[in-house]
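Enquirer: A predicted structure for the sequence below; I have some questions about it.
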Number of protein chains: 2
Amino acid sequence: MKKLHILSLATAVTLLSTGCGDDKRPSDKAPTDPLATKAIESGLKAIPNNSADIHKITNNPANPVTAEKVELGKKLFFDPRLSKSNLISCNTCHNLALGGDDDVSAAMGHKWTANPHHLNSPTVYNAVFADRQFWDGRDPDLEKQAQGPILAGPEMASTKEIVIDTIKTIPAYLAEFKKVFGTEEVTYEKATAAIGAFERTLVTPSRFDDFLNGDATALSAEERAGLETFIDKGCTSCHSGYALGGSMQPFPVVKPYKYANVGDFKGDANGMVKVPTLRNIGETAPYFHNGATWDLAEAVKIMGETQLGLTLKDDEVSKIVAFLGSLEGRKPKVEYPVLPAGTSTTPKPDMN
Amino acid sequence: MKKLHILSLATAVTLLSTGCGDDKRPSDKAPTDPLATKAIESGLKAIPNNSADIHKITNNPANPVTAEKVELGKKLFFDPRLSKSNLISCNTCHNLALGGDDDVSAAMGHKWTANPHHLNSPTVYNAVFADRQFWDGRDPDLEKQAQGPILAGPEMASTKEIVIDTIKTIPAYLAEFKKVFGTEEVTYEKATAAIGAFERTLVTPSRFDDFLNGDATALSAEERAGLETFIDKGCTSCHSGYALGGSMQPFPVVKPYKYANVGDFKGDANGMVKVPTLRNIGETAPYFHNGATWDLAEAVKIMGETQLGLTLKDDEVSKIVAFLGSLEGRKPKVEYPVLPAGTSTTPKPDMN
C-alpha cells in the first residue's frame, strides 16, 4: 500500500527543528520480513518515518537546521540574482521539479557553457546522506558544497561580493539574515550555510523505506525479487546506507567503463569516484558522472560489468530496475518563494 | 491595515472554478473616500476581494479556468523540458519569484541569446488584464501568447513536436491531459491553453485595491498624495483599468524617448506600444520595453516628459513612486511542482 502522507516543508522543518513532531505516519517497527532484515544486514538503511528521527540524521550541529534558516536558504537556493547573470540559481541545475537535477547530460552554466569535464549534475534530494560532495568528493558537506558552483565560471560565475551585496542591499533579506544568524554581518559562508540547511530538508522517504520500516506489503513481488537480486549480486557493496550511495569508491573496478570517452573525469587523486544515490533514480536520467546514457536498464548492466565483473541477465536487470522504482520518494512540499525586490544598489546582471 | 490573507492556489482555483468561494476577506464596498471615487472615475479599476468575482474578470469562456487545467498548466509553465535544451521554462523569463519577470534588461534564451530587439520580459502577474499581449500587441490573449516564446529561436527554441511528444511519452502527463481535455489527442494549442489558464490565476490584489474596495485606511498619506498626483498629471490616460496598463498607446507622444538608442523596437505597424502594468512595479525593474533603466523615479520622470510633456518635480515623482508601492500585490501561493519523469522516448535535450 502506497503511503502518500507528505508534510509541508514548513511544517516538517518546524517539527525537525523542535524535534517533537509527529507527522501521523506509522511508527517505525523492527522488520519482521526476512528480506527486510537481509537488506539491513547488507548495509541498506531506511529513512525513518518520524520527522524528529529524520532530523537526527540530517541535522548538522555546526549549522543547526532551523525553520528560519531553511526558509532563508530556500529563498537563496531559488534566487538567480546570486549569479553573475541574474539567470542561474542553484535550482537551475538541481531542479526540485525534475528529481533534483537538470535532465541534461553535462551541466550548463553562465554563457551557455557546459561543464568542462562533461560532468552531470547530481540530484540534491538526499544529498545530505552522502559521505562527501562532488563527484571527486572534494567537499565534506552541503554547506561547503554550496560555496562551489555559485563562484564557478562555467556555473553561476558569481563572486562572494555579489552574494553578500545582494543580501545586504535588500532590506527584507538583511532582516531575515539577521533573524537567522543574529548578526547583520553578512558573509558568503553564512549565506551558503543557509542554503545547506535548506538542502538538508530535501529528503524523500519511499516505499522502500516503508518496507524496511516494517510494512511488509510496501513492495510488489517483482520489487522484492529485484531487491534480493540487488543484494545477492553485490550492488550493495557500493550502493548502501541511507542514500544507497554517497561513499567514495574506485571506478572502474573490473572492466573499462563503456563511456569513458565522454569527458575527461577520472575521479579524485586516487581514482575514487562518489557513488551516486539511487533514490529517485527514475527521475534523474541521464546516468553516470558524465550523463552518458538515458537508459536505466543499460546503466544497471554497465555497472554489473564495470564494477562487479558480472553479465547480468535481462530478467535480473528488469527486476533490479523494478526495485529501483520503489526508491521514488515522497518529495517535501516546497512553496515557490516570493523573493524580496532589489534596490538601486543591488548588483546588476552582467551577461559577459 | 495591511491585509495578508492569501489563498493557496489550489484553493483559489477551486473557488474560482466553482464560483462559490468565500476567502474570508471583507466584501467589496462602494468607496466612501472621495479620492477612491476620483480614482475610479479616472479609469482605474480594483481587483475584487472575492474569488468568485476575480474569476469573472479573469476567466476565458473559450478556455475555462478549472482547477485541473490550472494544475496541468502550472506543471507545463515550470517544465524546462518543453524547451529545446531542457533548460528554459516559461518561468525562466517570467519568474514568479521575481515579480513575474527576470530582472535582466533584455530577455535571454537558447544558447545565451539576448532578445534581438533588446526587449524586456513583461511580468506574467496580472497579464490577464491586458487588452493585448506582447509589446507590439500582436496576440489577443494569454493562450495565444504562450504559443510564441516556446517556439521562438532566441527563447525556448522548441518545436510543437517536442511539446506534444513530451506530454505523450510521459504517462502521468498524458493522463492529466486526458483528464483536463477529455481526449488523448495532444495538441500544441491545448498545451498552451493550459499554460494560459494557469497564468489567468496569477492575479495580485494589493492595498490599492483594498482602498478602492472601501478600506479608506489602506493607503498612507503619502501614497494618497501620490495617487492624486498620478491622476491629476494624466498618468491614468494610459495606465488605467485593472492592470494600470495593458492597452495599446502611441509612444513616444510629446518628446523623444531618452533611451531610444537601446534596441530597435518601434512598436506595431502604427507605432503603438503596449502599456506595461504598474502592478508590482517595484519588483519588475529594469523598466521600459527595452529595460533601459533600473531607477523607478527616473522612469516616472521620463514618462512624464515623453508622454505627457511634463517636467515632474522631485516631490511629485516621490509621491507617485510612493503610490506605486501600494501596487505591490499579494501573490498566489504556488506549490513548486514535482514533474513526472520522462521515459525512453521523451525528447532529449539539444544544446545547439
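Expert: On my side now, so go ahead.
Enquirer: quick one: the strands in chain A?
Expert: Listed in chain order, the strands of chain A (DSSP state E) span A:108-109, A:113-114, A:248-250, A:272-274.
Enquirer: give me the helices and strands touching the third one, please.
Expert: In other words, strand A:248-250. Using 3 or more C-beta pairs under 8 Å, 6 or more residues apart in numbering or on different chains; DSSP states H and E as the contact test, the elements touching strand A:248-250 are strand A:272-274. Where C-beta positions appear, they are placed from N, C-alpha and C, glycine not excepted.
Enquirer: which residues touch stretch A:104-113?
Expert: Here stretch A:104-113 makes contact (C-beta atoms under 8 Å, 6 or more residues apart in numbering or on different chains) with A:83-85, A:88, A:92-93, A:102, A:114-115, A:118-121, A:149, A:152-157, A:262-263, A:286, A:290-292, A:351-352, B:85-87, B:111-112, B:349, B:351.
Enquirer: just the buried ones from those?
Expert: A:83-85, A:88, A:92-93, A:102, A:114-115, A:118-121, A:149, A:152, A:154-157, A:262-263, A:286, A:290-292, B:85-87, B:349, B:351 (16 or more other C-beta atoms under 10 Å in any protein chain shown).
Enquirer: in helices, which of those appear?
Expert: Counting by DSSP state H, the buried ones among the contacts of stretch A:104-113 place A:92, A:93, A:149 in helices.
Enquirer: out of the residues you listed, who's nearest residue B:233?
Expert: Checking these against residue B:233 with C-beta to C-beta, the nearest one is residue A:92 at 42.2 Å.
Enquirer: wait, isn't the closest one in contact with residue B:87?
Expert: Yes. Between residue A:92 and residue B:87 a contact is recorded at 7.3 Å, counting by C-beta atoms under 8 Å.
Enquirer: picking up where we left off before, so which of the strands of chain A is nearest residue A:341?
Expert: strand A:108-109 (25.2 Å).
Enquirer: and the closest one, what's its mean pLDDT?
Expert: Mean pLDDT, strand A:108-109: 98.
Enquirer: parallel or antiparallel, list what pairs with that strand.
Expert: Applying DSSP bridges, strand A:108-109 is found paired with strand A:113-114 (antiparallel).
Enquirer: hang on, the earlier thing: hey, what's in contact with both of residue A:92 and residue B:87?
Expert: residue A:102.
Enquirer: burial check on residue A:76, number of neighbours?
Expert: Other residues near residue A:76 number 26, with proximity taken as other C-beta atoms under 10 Å in any protein chain shown.
Enquirer: what residues does it make contact with?
Expert: Contacts were defined as C-beta under 8 Å, 6+ apart; by that measure residue A:76 touches A:82, A:90, A:191, A:194, A:195, A:198.
Enquirer: the fifth one contacts residue A:75, doesn't it?
Expert: No. Distance between residue A:195 and residue A:75: 9.4 Å, which falls outside the contact criterion (C-beta under 8 Å).
Enquirer: who has more neighbours out of these two?
Expert: Using other C-beta under 10 Å as the criterion, residue A:195 and residue A:75 rank with residue A:195 on top: 28 against 21.
Enquirer: residues from the stretch 101-250 of chain A in reach of chain B?
Expert: When proximity is defined by C-beta under 8 Å from any C-beta of the partner chain, the stretch 101-250 of chain A lies next to chain B at A:102, A:103, A:104, A:105, A:108, A:111, A:112, A:114.
Enquirer: what is the nearest of these to residue A:207?
Expert: For these, with residue A:207 as the reference and C-beta to C-beta as the criterion, the closest is residue A:103, at 23.4 Å.
Enquirer: I figured the closest one was touching residue B:83, is that so?
Expert: No. Judged on C-beta under 8 Å, residue A:103 makes no contact with residue B:83 at a distance of 10.7 Å.
Enquirer: which residue, other than its chain neighbours, is closest to the residue of the stretch 151-300 of chain A found nearest chain B?
Expert: The stretch 151-300 of chain A approaches chain B most closely through residue A:283 (4.3 Å), counting by C-beta to the nearest C-beta. Excluding the flanking residues, the one nearest residue A:283 by C-beta to C-beta, 6 or more residues apart in numbering or on different chains is residue A:99, at 2.7 Å.
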